[in-house]
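Novice: Any chance you can model this:
(chains A, B, C and D)
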There are 4 protein chains.
Amino acid sequence: MKRRQSPVAKLGHVAAHTPDLDESLWFFNEVMGFQVTERDGDTAYLRGMRDWEHHTLSLTESGQTGVDHFAFRTESEEALDELEQQLKDEGEEITHVEAGEENGIGEAIRVDKFGHNYEFYWDVEKPKAPEGKRSGLLNRNYSESVGNRIAPRRIDHVHVNDPGENAFKHDEWLREAMNFQLNERYEDKNGEYWGWWYAVTPLPHDIAIHREEPGDPTQFHHVAFHLDSLQDLWTAADICSEHGIEINNRSNGPAMHAITRADCMYVKDPASQLRLELFAGPGYLNFEPDWEPIEWKEESLGGPTNHQWHGGGPTWDGIDYV
Amino acid sequence: MKRRQSPVAKLGHVAAHTPDLDESLWFFNEVMGFQVTERDGDTAYLRGMRDWEHHTLSLTESGQTGVDHFAFRTESEEALDELEQQLKDEGEEITHVEAGEENGIGEAIRVDKFGHNYEFYWDVEKPKAPEGKRSGLLNRNYSESVGNRIAPRRIDHVHVNDPGENAFKHDEWLREAMNFQLNERYEDKNGEYWGWWYAVTPLPHDIAIHREEPGDPTQFHHVAFHLDSLQDLWTAADICSEHGIEINNRSNGPAMHAITRADCMYVKDPASQLRLELFAGPGYLNFEPDWEPIEWKEESLGGPTNHQWHGGGPTWDGIDYV
Amino acid sequence: MKRRQSPVAKLGHVAAHTPDLDESLWFFNEVMGFQVTERDGDTAYLRGMRDWEHHTLSLTESGQTGVDHFAFRTESEEALDELEQQLKDEGEEITHVEAGEENGIGEAIRVDKFGHNYEFYWDVEKPKAPEGKRSGLLNRNYSESVGNRIAPRRIDHVHVNDPGENAFKHDEWLREAMNFQLNERYEDKNGEYWGWWYAVTPLPHDIAIHREEPGDPTQFHHVAFHLDSLQDLWTAADICSEHGIEINNRSNGPAMHAITRADCMYVKDPASQLRLELFAGPGYLNFEPDWEPIEWKEESLGGPTNHQWHGGGPTWDGIDYV
Amino acid sequence: MKRRQSPVAKLGHVAAHTPDLDESLWFFNEVMGFQVTERDGDTAYLRGMRDWEHHTLSLTESGQTGVDHFAFRTESEEALDELEQQLKDEGEEITHVEAGEENGIGEAIRVDKFGHNYEFYWDVEKPKAPEGKRSGLLNRNYSESVGNRIAPRRIDHVHVNDPGENAFKHDEWLREAMNFQLNERYEDKNGEYWGWWYAVTPLPHDIAIHREEPGDPTQFHHVAFHLDSLQDLWTAADICSEHGIEINNRSNGPAMHAITRADCMYVKDPASQLRLELFAGPGYLNFEPDWEPIEWKEESLGGPTNHQWHGGGPTWDGIDYV
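Specialist: Take a look at the predicted model:
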């Protein structure tokens, strides 16, 4: 049987709130080296050095913290229409977003699935880096000469927290209704799944779910951006120490994940409290059309610190949706 | 309109001949650090540290040099059947390969397209690295403790030479009949395309075509394997110098491609004359569902040496098919 | 006034005991990638890939753990003679070591200073790497093609523990009598020095002292070897996890020191309990002829975890001298 | 016998002329990432991220190109006085430079040796990086957060050209009169030395001589600055391609030297024509008190391109002294 294709092509962006846009821009632009596509009123639109879309992160000053939504781009315009119908059939209430309500993004739909604010869109602007910042290489957006020593390259994935049973329902929906491929999952000592990692691309994951205790809030845990090299990840830790920015790994420094097998570091924007994972290293690209999910078991997972291969993972507090 | 899906999931392997299997294994196994899945009679089956399939390179001692075939895995069994029918409809003569004729590979079909020996298959064994060489990480095949200082990770792409008009026909077939995505192409001073880079995955390319002069032979130019880091690529150059193995770039050292934007080095197995490209660095992953081919023009391409961004590219001699 | 020159040119080697030489060789040779110059009876002589001397680490199977001595090479034969006289004038008892008692080392003297077994020597053999392992580069010893993915390059420094007042006396002797340059020192919350880092070369340190509580044992804390790159350090952590070897940093992964500013990871040979620090990254080279010691204060030192810049440092348990 | 100590502690700086200081600052500051200590009238004083002295490179707008002088710092004030007397005894004419004639440098002497403008000094200011650019690490000058993606770390060495017999005399003077250690030398096919590499520090070299044809001009070939990592060197090549700055290696990209065993890339400031070598990678640190010069022979040197290990070296044109 032919592999069913997901209506989703890729992760697009995360839209977050911040009580202080200038401080958030200090963090994301000056320290981390994100590029600012534009600042329009209370909202700044940012992206990594190699992102093609108008933005992969937006920050809106609104007197509060929290994630507004995260967005996936569909495979086609038709796929977006079919997905809207499918969501209606699932009994969901669809919110229509007018073209341009978010700069650079065309008509979109939003839906609350298990407490998470999903957005899906097809139309998107892909403005080139401005003259003077644009690479001479046609297959690259910003010139390497523009970046600072961190300069994330592209959006990689999002990670969310689901309380109790919601996590299992969310898992089923992503696999069965959305045709996301389950690459890895993790079973705790009691034989119950505790985490799931899904992809619509060959990345180790485009979205992951972490199961929390029943009654815990449904939250957004982090958005990850990819760096080119381990050296950049290490330098990021160095620069965070220069700025007194706390490294959010339990090891206070870069670590290597066992699950997804990538090098990682977590930091939080002090203003928006949005947790950013810098994700580097080879990880793996999964081109197998018949991949069986990796089944991790708590007792057999090698790394002693919070299930990492070496170094330590983050704490599990997330931020709420607005 | 929905994006048409290629019947092909990924590049699988290259099968080459060698006059001296021991010498070829010295090169690929001892020097380059490929893993040998098994040696069966006159054939050795090799793969990179992170390849899952039985092999991604096979070498058969047959008293000659040359490429036997290169192989793509289809998206599904059904896709393989449909592809066979499609090729018959194109008027091609199909050769059926029995399961096990190549170790680890199930039933396959082979076809001569424009002088290139294409193989397509679905069934494949994915033997785990043997005990003692297997990683404790379930999402990794061989342990990092096994590799030498080069140790290619996975097969990346193949590159072929087509004389004159054949190149244009090959291009059309890959795009129109096979639904390979054209990521980049290159136009010479006379306004004629000279090179094409295609992908069925988000890699910069899974296969590329170089147009040669009319009357030149149809040839296989190189197979590329991916390394994790620039450091490994540099060390590979160092180790080649230790062994007196000529670095096949015109710059005699690693270079950076403008097209496909990857770091690269070419070397040849002294026995089989098969050219291996070590391909490293970030390159780019192309997740865009509406990608427009990058249009390079000879006069505007920045890099002064053989159209590279820095360093030099290879010479264009390939090897024949057997 | 002219800078006084130390009689010492460089750190030479560390000689340790092990209850199981085969297991120690598994750790140092197979896992870590040290080269074995020779194994002679119960003793194995090892060195890094770029060490020129006969050995920089020796391990003797003797039914026990512990450091036998650590050794410095003098600037000249004359300097060794003058140093012997100086030590006698300090009232020390000198032990003469016959040439060849340690393979590769000529006549040497040993002295117990503050409980530490110091050796000084001038004559030393510098055997080239054996044919087949020797680099084609005349300024390199072993070929890069020989090493595994860790393969330490050269001995870097030793670190010792002194209880209470002994630490201050040891500090004074190294500075005043031995003309070691004090590069950095660290003052705790009570305004008392707690650590000192000294060099006779432009390295950040050739030897360091850590002050322990009065009554604590005088111990050897670790010997450090230098790696070429951060990538090698990170791979070392990865490989240790593959082998189930505990990473001895409190962060369970590589860290970056604030003091001496190097990237580091600690591991212990399971057999000998000798702690090895893998020391990488740029650190700094101190060419200043008028260097003033860096004065660290506990309250101002940035890194939150055990005074590191990021990641965590080791625990302070050492091993005894035999 | 005790090793004789050189009066020289380290290479200090190079002072060059430029027809266009703004353009030179574009190259050195904006593109290459040198830090500007100060700009005073027609002169800009620059240094690397980890240099402690006031400057390691100065550029004076004077309507011409050329090197004014290169400067070594002595071991002590007394050593400077003794060296002055020694040079007088050699029959040299000494030029006294008043304190402050070069910003940050105290009284100095200059002498023309074999056509090269040598300066020697002891007094020097070591201004810390300004607030906001200063590292929180006391053993580091500028914060890593300040640098661009190249950002050279420290001055490394100078390389000069001597015609015919002058080269042999210069060699003798550096070894015999100045007690510079000869680390490596190179003999051509005719059995005549063609290049010499000397150090007063454990670096592979602080100064090197290249012998040109008799009658060729005495010239300054290049000043080298050190980068932390191969990644930075590679990125430097990438950024040069972005700016259309020609990479001055014959391979048009980074290369690896056989002699001195370092990774390297040459570029020229378009305005001053001063050739800058970016020097990275481990190279080697030479701590041996009884080092015998490495004797390279043209016929045995492995690397095929201009005697490099891989990649290509620079052309041998230098610039004149002013």
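Novice: make it CA atoms for all contacts and neighbour counts henceforth
Specialist: Noted.
Novice: so where is chain A shaky, pLDDT-wise?
Specialist: Along chain A, the model assigns pLDDT under 70 to residues A:1-3, A:302-306.
Novice: Stretch A:264-283 spans what distance, first to last residue?
Specialist: For stretch A:264-283, the first-to-last residue distance is 10 Å (CA to CA, to the nearest Å).
Novice: Say whether chain B is contacted by it.
Specialist: Yes. For stretch A:264-283 and chain B, the contact criterion (CA under 8 Å from any CA of the partner chain) is met by A:281-282.
Novice: Any buried residues in that stretch, and which?
Specialist: For stretch A:264-283, burial by neighbour count (16 or more other CA atoms under 10 Å in any protein chain shown) applies to A:264-283.
Novice: So which bits of chain A are right by chain D?
Specialist: A:31, A:135-137, A:143-145, A:147-149, A:231, A:235, A:238-239, A:242.
Novice: Inside strands: which ones of the buried residues of stretch A:264-283?
Specialist: Of the positions in those, A:264-268, A:275-280 sit in strands, assigned by DSSP state E.
Novice: which of the residues you listed lies closest to chain C?
Specialist: Using CA to the nearest CA, residue A:265 comes nearest to chain C of these, at 11.0 Å.
Novice: quick one: contacts for the closest one?
Specialist: Shown in contact with residue A:265 (CA atoms under 8 Å, 6 or more residues apart in numbering or on different chains): A:233, A:237, A:247-249, A:253-255, A:277-279.
Novice: hmm, try it at 6 Å
Specialist: By CA atoms under 6 Å, 6 or more residues apart in numbering or on different chains, the residues touching residue A:265 are A:254, A:277-278.
Novice: and what of residue A:188?
Specialist: Applying CA under 6 Å, 6+ apart to residue A:188 gives the contacts residue A:298.
Novice: how far away is it from residue A:210?
Specialist: Counting by CA to CA, the separation of residue A:188 from residue A:210 is 12 Å.
Novice: Give the residues shared as contacts by these two.
Specialist: Taking CA under 6 Å, 6+ apart as the contact rule, residue A:188 and residue A:210 have no neighbour in common.
Novice: At which residues are the helices of chain A located?
Specialist: A:21-25, A:77-89, A:165-172, A:230-243 (DSSP state H).
Novice: ok, and which of these has the densest surroundings?
Specialist: The highest average neighbour count among the helices of chain A, using mean count of other CA atoms under 10 Å in any protein chain shown, belongs to helix A:230-243 at a mean of 23.
Novice: Report whether that helix contacts chain B.
Specialist: No. If you take CA under 6 Å from any CA of the partner chain as the test, helix A:230-243 misses chain B, and the best it gets is 8.9 Å.
Novice: Using PDB, write out the CA atom coordinates for that helix.
Specialist: In PDB, the C-alpha atoms belonging to helix A:230-243 read as follows (Å, rounded to 0.1, in the frame of the first residue of the first chain):
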ATOM      1  CA  LEU A 230      28.400  22.100  17.400                       C
ATOM      2  CA  GLN A 231      30.800  25.000  17.500                       C
ATOM      3  CA  ASP A 232      28.000  27.400  17.200                       C
ATOM      4  CA  LEU A 233      26.000  25.600  19.900                       C
ATOM      5  CA  TRP A 234      29.000  25.800  22.300                       C
ATOM      6  CA  THR A 235      29.600  29.500  21.400                       C
ATOM      7  CA  ALA A 236      25.900  30.100  22.200                       C
ATOM      8  CA  ALA A 237      26.500  28.700  25.700                       C
ATOM      9  CA  ASP A 238      29.600  30.900  26.000                       C
ATOM     10  CA  ILE A 239      27.700  34.000  24.900                       C
ATOM     11  CA  CYS A 240      24.800  33.300  27.200                       C
ATOM     12  CA  SER A 241      27.300  33.100  30.100                       C
ATOM     13  CA  GLU A 242      28.700  36.500  29.000                       C
ATOM     14  CA  HIS A 243      25.200  38.000  29.200                       C
END
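Novice: just the ones in strands among the buried residues of stretch A:264-283 now: which is nearest chain B?
Specialist: Distances from chain B to these, taken by CA to the nearest CA, are shortest for residue A:280, at 10.3 Å.
Novice: If anything else comes up later, I'll come back, but that's it for now.
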